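# what follows is a protein structure lacking sequence information:
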């Protein structure tokens, strides 16, 4: 008898919220297609806007400091 989907759902949510790589999460869940896992769990992934903004700000700061 296999594991019910609900038995993995709660730990999966926790892994998604902790930014576990989607390929690792797919393997843990037994999904052959990480794209499927991403479509199912994308709404649980932390927002990356703040990280992207920080990286861009850092790059601009480096460029400005080199030019001045």
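Yes, it's here. Here the structure is a predicted model, which is why all the values come from computation and not from measurement. Residues are numbered from 1 along each chain as shown.
# list the buried residues of stretch 25-42.
25-26, 29, 31, 34, 37-38, 40-41 (16 or more other Cβ atoms under 10 Å). C-beta here means a position set from N, CA and C on the backbone, and glycine is covered the same way.
# that one: end-to-end distance?
End-to-end distance of stretch 25-42 (Cα to Cα, to the nearest Å): 12 Å.
# cool, and stretch 42-50?
17 Å.
# and which of the buried residues of stretch 25-42 is nearest to residue 62?
residue 38 (31.6 Å; Cβ to Cβ).
# what residues are up against the closest one?
By Cβ atoms under 8 Å, 6 or more residues apart in numbering, residue 38 lies in contact with residue 22.
# per-residue pLDDT of it, please?
Residue 38 is assigned a pLDDT of 87 by the prediction.
# got it, and the one 10 residues further on?
Residue 48 is assigned 70 on the pLDDT scale.
# quick check: phi and psi at it.
When read as degrees, to the nearest 10, the backbone of residue 48 gives phi -100, psi 0.
# for it, grab the count of nearby residues.
By the criterion of other Cβ atoms under 10 Å, residue 48 has 10 neighbours.
# how near is it to residue 25?
16 Å (Cβ to Cβ, to the nearest Å).
# which of the buried residues of stretch 25-42 lies closest to residue 61?
The closest of the buried residues of stretch 25-42, once distances to residue 61 are taken by Cβ to Cβ, is residue 38, at 31.9 Å.
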